[in-house]
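Q: give me coordinates for this.
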Amino acid sequence: MIRGRITAPSDKSISHRALILAAVADGESEIKNCSDSRDVKSTVRMLKSLGTSIAKTGKDRFSIKGKGIQGFRNLQYENNLYLNAGNSGTSARLIMGLLAGAGIKANIIGDKSLSKRPMDRVKKPLQEMGAKIAGEKTLPMTCVSGIKKGIDFTPDIDSAQVKSALLTAGIFIEEKVCIHEKNLTRNHTENILRQMGADICVNGKHVEMKGGRELNPVKINIPGDFSGAVYLAVLAAVAKNAVITIDRVGLNPTRTSFLDAAKKMGVKYRVFNIADTYEPTGSIEVKSSCLNCIDINGAMVSSMIDEIPALAILAACAGGTSHFKGASELRKKESDRIKSLVKGFKKLGFDVREYRDGFSIKGKDAVEIAKKASAFRKIDDYGDHRIAMSFNILELAVTGRISRRYRSVGISYPEFYSDIMSVYLQGKIRKGILITGFMGSGKSTVGKNVAKKLKMKFFDLDREIEKQEKISIQEIFIEKGEKYFRELENKILSKLIENEPCVISTGGGTLLNGENLNRAVSNSDIFILKTDYETIRMRLMRENKRPLIKSSNLAEKEAKVRKYYEERQAAYDKIAGIKIYSSTS
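A: Just a heads-up that it's a prediction; the model follows:
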């Protein structure tokens, strides 16, 4: 049963824009609840390379001392300046607008994936404004000189990033930038510019801004990311007997078309606690739903391009065949998302067809999908965070487990795995939670995240032992022996586990003791953190602090790791029926 309440991750799109515009403002701005995603870290890195003073004043809080229009115009670099956007298309395109507006000579580069994505859609209108930009259709791009005039522009492709890049460039000149969209795209840049006192007017799909005016510094609280929240919403809709409430979700009307499509498909949800700020926010409650198929066309795609992979999971669990057309822009994302989805669904045995501009999929019920459960581990995310999250939530919904963890989720949603584990555990929790597994499997990290999400106390059993003895585990083994350690371990576990419900992480050897196991079964839900041998070996060979495998001889140490690993796997399988799989290093 998947039931719980979670706070939406910070909005990545707004975080990018707030950071960049705060850097251009004349004075010090404060950004709260800023996204900690890898993409946003790329933006921070690029702005720092441009000399912007950005201080992290809290876990998700930044103070930015803006350079002002003139400060950026005065930047001069004798040597070649390279700005690395990593995997972030938003970072690359918006910074291109900043460079062209201020006339800063610099190069923009990106990783292998980003270097395949189209950048000429930004380059061409900036060139119409008088900028000189060297490069082809993709990165790398070099801004040689800045813009000279405004623009009256109707984009061929619906793109909030293009619109935002042109508006960012237009801040620096005393001429108008006019943009006429065919379909409305997200308007976060316009909202922030209005907050900062820009001379901007928005009339439906038409945006007009006159630049040359310094932006005022602001204090901005970033709302939750709607595009991230939809994965939790879809999880609730397709799982059995599920209810998930997602709080503090950004509800900007230019972002919420997914809810209209979900409603047509029969998703049971309600939106409440709406707060009308510069970006409206609220809570969304979603329940298990009986789903219908849907036909999605080009106009609908443009308004929810980032949510199409999640919508495809709803379609996979719906009755009938769903069709997605006019979605060729999906081929130009972090991966070719049409191809990535089709390949993943084929591995799971779906009747799925690929088209030039979309795909179709015939839905199946959860029992049929679960018959191909082993295939989930073979699905490739192609380095694409939205593909990874899509197949993860489908697997959790139909099998109750996650068999493969993808590094790519950190691009947009670093806490994705701890959040979905949280709602999974909230639905199952009876008493306390005990997380165990082989040494080096990540029990403490997972335990801390779970405790935080569930608002429970967290205890690392080894650390509690060290606190009591005032020496390290390694020293306890050397000075007093393993028998003494195990007796102490049993005593402290008994004290922790029989008090108020909490989350405890403990070494795999703890529950091999029958008395401990019986006590744990009576007082907690036990979760085994399963990790493949190669990952364990890589982690443990990098350190030499664990008494059972400590050795100055690498071959001897590796032999010990393998011996204990193989001995304990069968025992772990008997300890608990609930397993959490982790393959990341």
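Q: measure the nearest residue to residue 63 once chain neighbours are set aside to residue 69 for me?
A: On the basis of Cβ to Cβ, 6 or more residues apart in numbering, the spatially nearest residue to residue 63 that is not a chain neighbour turns out to be residue 55, at 4.7 Å. All C-beta atoms are positioned from the backbone trio N, CA, C, and that covers glycine. Residue 55 sits at a distance of 22 Å from residue 69 (criterion: Cβ to Cβ, to the nearest Å).
Q: who's more crowded, those two?
A: Regarding residue 55 and residue 69, a neighbour count based on other Cβ atoms under 10 Å identifies residue 69 as having more, with 21 against 10.
Q: now do the contacts for residue 182.
A: Shown here is residue 182, whose contacts under the criterion Cβ atoms under 8 Å, 6 or more residues apart in numbering are 154, 155, 158, 205.
Q: same thing but at 10 Å, please
A: If you count contacts by Cβ atoms under 10 Å, 6 or more residues apart in numbering, residue 182 has them with 154, 155, 156, 157, 158, 205, 299, 302.
Q: assign a three-state SS to residue 450, would you?
A: Assigned state for residue 450: helix (three-state reduction, DSSP: H, G, I helix; E, B strand; the rest coil).
Q: my guess is it contacts residue 422, does it?
A: Yes. Between residue 450 and residue 422 there is a contact under Cβ atoms under 10 Å: 6.5 Å.
Q: what is in contact with those two at once?
A: Shared contacts of residue 450 and residue 422, defined by Cβ under 10 Å, 6+ apart, are absent.
Q: break down the stretch 351-500 of the chain into its helices, ranges please.
A: Taking DSSP state H, counting those that start in this stretch as the criterion, the stretch 351-500 of the chain carries its helices at 366-370, 385-399, 416-428, 443-454, 461-469, 473-497.
Q: shaky segments in this protein?
A: Low-confidence segments of the chain (pLDDT under 70): 429-430, 573-585.
Q: my guess is residue 444 meets residue 435, correct?
A: Yes. With contact defined as Cβ under 10 Å, residue 444 reaches residue 435; the gap is 8.7 Å.
Q: the two: which has the busier surroundings?
A: In terms of neighbours (other Cβ under 10 Å), residue 435 is the more surrounded of residue 444 and residue 435; the figures are 27 against 16.
Q: kindly state the beta-bridge partners for that one.
A: Judged by DSSP bridges, the bridge partners of residue 435 are residue 505, residue 527.
Q: run through the residues that contact it.
A: 441-447, 450-451, 458, 460, 503-506, 524-529, 576, 580.
Q: quick check on those residues: which are buried?
A: Neighbour counting by 16 or more other Cβ atoms under 10 Å classes 441-444, 446-447, 450-451, 458, 460, 503-506, 524-529, 576, 580 among the contacts of residue 435 as buried.
Q: phi and psi next, for the residue minimising distance to the centre of the chain.
A: Here the mean C-alpha position of the chain is nearest to the C-alpha of residue 413 (Cα atoms, centre = their mean), at a distance of 1.2 Å. The main-chain torsion angles of residue 413 are listed as degrees, to the nearest 10 and equal phi -140, psi 80.
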